[in-house]
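In: quick one: sequence plus predicted model below, questions after.
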Amino acid sequence: MSCRVERVGDGGTLIVFRVSGRIQRAHIQMLREVLERESGRLALDPEEVTLVDREVVRFLAFSEENGVEFKYVPDYLREWVTKEQRKSVGRGIQRNEKRYTR
């Protein structure tokens, strides 16, 4: 199964992208472009994600640090993203301005 992204709303001002399947390094650019096309509050719903690689975890951590919200995150993925965020702080990587919110 490959990565699938579906644009849904929350009935308000939040734009949610439901992501499912396997997310691999090759999908990062597509996800970045999807997020950059939108304006307003953005969220990813990775509840149906079955597999991610390390680069994807880094991308998700970066996205959250830059304003993208997460909805319905599986525990394993939340743990990995949190660990990656702690590593980036430990390496002195500064949080950027909210790139995905306009």
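Out: Done, it's in. Residues are numbered from 1 along each chain as shown.

In: so which residues of the chain form helices?
Out: Along the chain, the segments classed as helices by DSSP state H run 28-37, 54-65, 75-90.

In: excluding its backbone neighbours, what's nearest residue 48?
Out: Closest residue to residue 48 apart from its sequence neighbours, by Cβ to Cβ, 6 or more residues apart in numbering: residue 20 at 3.6 Å. From N, CA and C alone the C-beta is placed, and that goes for glycine too.

In: who's in contact with the one you found?
Out: By Cβ atoms under 8 Å, 6 or more residues apart in numbering, the contact list for residue 20 reads 1, 3-4, 6, 47-50.

In: if we use 7 Å, what do you get?
Out: The neighbourhood of residue 20, defined by Cβ atoms under 7 Å, 6 or more residues apart in numbering, consists of 4, 48-49.

In: please report phi then psi for residue 71.
Out: Backbone torsions of residue 71, given as degrees, to the nearest 10, read phi -120, psi 140.

In: again, but for residue 13
Out: Dihedral pair for residue 13: phi -100, psi 0, per degrees, to the nearest 10.

In: count the residues that sit near it.
Out: 8 (other Cβ atoms under 10 Å).

In: one more: residue 9?
Out: Neighbours of residue 9 under the rule other Cβ under 10 Å: 9.

In: next one: it from residue 40, what distance?
Out: From residue 9 across to residue 40, the span is 10 Å (Cβ to Cβ, to the nearest Å).

In: equivalent analysis for residue 32, please.
Out: With the distance defined as Cβ to Cβ, residue 32 ends up 17 Å from residue 40.

In: quick one, which of those two is more surrounded?
Out: The residue with more neighbours, out of residue 32 and residue 40, is residue 32; 15 against 10, by other Cβ under 10 Å.

In: so what does residue 24 look like in phi/psi?
Out: Geometry field for residue 24 lists phi and psi as phi -120, psi 170, criterion degrees, to the nearest 10.

In: wait, what's in contact with it?
Out: Neighbouring residues of residue 24 by Cβ under 7 Å, 6+ apart: 53, 56.

In: where in the protein is pLDDT low?
Out: Across the chain, the ranges flagged by pLDDT under 70 are 1, 90-102.

In: find the residue at the geometric middle of the protein.
Out: Nearest residue to the geometric centre of the chain (Cα atoms, centre = their mean): residue 60, 3.8 Å.
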